[in-house]
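Asker: what's the 3D shape of this:
(4 chains)
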Protein chains: 2
Amino acid sequence: MARAATTADAFNAVAEPQRRRILDLLAGGERSVTELVDGLALTQPQVSKHLRVLREVGAVHVRDDGRRRLYRLNGPALKPIHDWVKAYEQTWEDRFTAMDAVLDQLRQQEDDDGGNG
Amino acid sequence: MARAATTADAFNAVAEPQRRRILDLLAGGERSVTELVDGLALTQPQVSKHLRVLREVGAVHVRDDGRRRLYRLNGPALKPIHDWVKAYEQTWEDRFTAMDAVLDQLRQQEDDDGGNG
DNA sequence: TTGACATATGTCGATATCGGCATATGATGT
DNA sequence: ACATCATATGCCGATATCGACATATGTCAA
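Answerer: Got it, this is the predicted structure:
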């Protein structure tokens, strides 16, 4: 055993900036591979491979359209990420960050007092 | 040039399941490394290394406490993730997924109709 | 069938990642 | 100084990742 998590889940799929860009573009509606290539200034194989990863985690759906393949966003695949991170949302809401600042202050003083004096 | 994004941002830091577990535990309050080791059934170097990554992206803060080091969650570092994924939230809200189902249905029929008959 | 277009896949090289183990660093108490 | 506890780092091996390039597969039009 030498490595653990791979690209096989939404978190990893989305950790790649280019893949986020792809999703952001797809959020605007169905796009062909070529349209993504043009819109993102990436090479075609690059886009196809990223799309594969996104497909494998269910973040996008494809349908055939003549010689093109139209990719479409599948939002629900991102829900686990949202759910997870949502639990932390309160930690940066104003009241809480203010409270945290106070607590940090107190801890700082504790450290200073304990260390010297 | 051969590789691109690394562990240097919150998205990547959080893509690792063990690191999410660490954050989840820290959400319950300050913990020492040993407490994390015990609580997560990981080896001590494993935990220290993951904490390093989390530190580097600002997801946790440390303070010294005698021979221990107490780690604390720093929620705001996760805000970029939340902000990004929030834009997709509507895609899995009931009304929208229902609408999507209908659209998929229509596309499916289009494909069937166009491909044969 | 041939050729152009659209997309997917394979290979390669450089590098990053993760776990495991050993070891270094640092603080505490005696 | 020494032993012990607590944590961080270094090195290794296995593997995954990403970009670049070439090439395979598939579709359409003439």
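Asker: need the pLDDT of the most centrally placed residue in chain A.
Answerer: Centroid-nearest residue in chain A, with Cα atoms, centre = their mean: residue A:14, separated by 3.6 Å. Among the per-residue scores, residue A:14 holds a pLDDT of 97.
Asker: now residue A:3
Answerer: With respect to pLDDT, residue A:3 has a value of 56.
Asker: not counting sequence-adjacent ones, nearest residue to the residue nearest to the centre of chain A?
Answerer: Distances taken as Cβ to Cβ, 6 or more residues apart in numbering or on different chains put residue A:20 closest to residue A:14, at 6.0 Å, once the chain neighbours are dropped. (Glycine included, C-beta is placed from N, CA and C.)
Asker: any idea which element the residue nearest to the centre of chain A lies in?
Answerer: Element membership for residue A:14 (DSSP states H and E) is helix A:10-15.
Asker: what helices or strands is that helix leaning on?
Answerer: If you count contacts as 3 or more Cβ pairs under 8 Å, 6 or more residues apart in numbering or on different chains; DSSP states H and E, helix A:10-15 packs onto helix A:17-26, helix A:44-56, helix A:79-86, helix B:10-15.
Asker: report the angle between the second one and helix A:17-26.
Answerer: Same thing as helix A:44-56. 80 degrees (axes from the mean of the first three to the mean of the last three Cα atoms, to 10 degrees).
Asker: does any part of helix A:44-56 sit near DNA strand C?
Answerer: Yes. Judged by Cβ under 7 Å from any atom of the strand, helix A:44-56 comes into contact with DNA strand C through A:44, A:45, A:47, A:48, A:49, A:51, A:52.
Asker: these two touch, right, the first one and residue A:32?
Answerer: Read that as residue A:44. No. Residue A:44 lies out of contact with residue A:32 (Cβ atoms under 8 Å); the separation is 11.0 Å.
Asker: who has more neighbours, those two?
Answerer: residue A:32 (15 against 12; other Cβ atoms under 10 Å in any protein chain shown).
Asker: pLDDT value on the more buried one, please?
Answerer: As predicted, residue A:32 sits at a pLDDT of 98.
Asker: could you measure the spatially closest residue to it that is not a sequence neighbour against residue A:23, distance?
Answerer: Spatial nearest neighbour of residue A:32, chain neighbours left out: residue A:68 (4.4 Å); criterion: Cβ to Cβ, 6+ apart. Between residue A:68 and residue A:23 the computed distance is 19 Å (Cβ to Cβ, to the nearest Å).
Asker: which of these two has more neighbours?
Answerer: When residue A:68 and residue A:23 are compared for neighbours, residue A:23 comes out ahead with 25 against 13, by other Cβ under 10 Å.
Asker: got the contact list for the more buried one?
Answerer: Residues near residue A:23 by Cβ atoms under 8 Å, 6 or more residues apart in numbering or on different chains: A:14, A:54, A:59, A:60, A:73, A:78, B:88.
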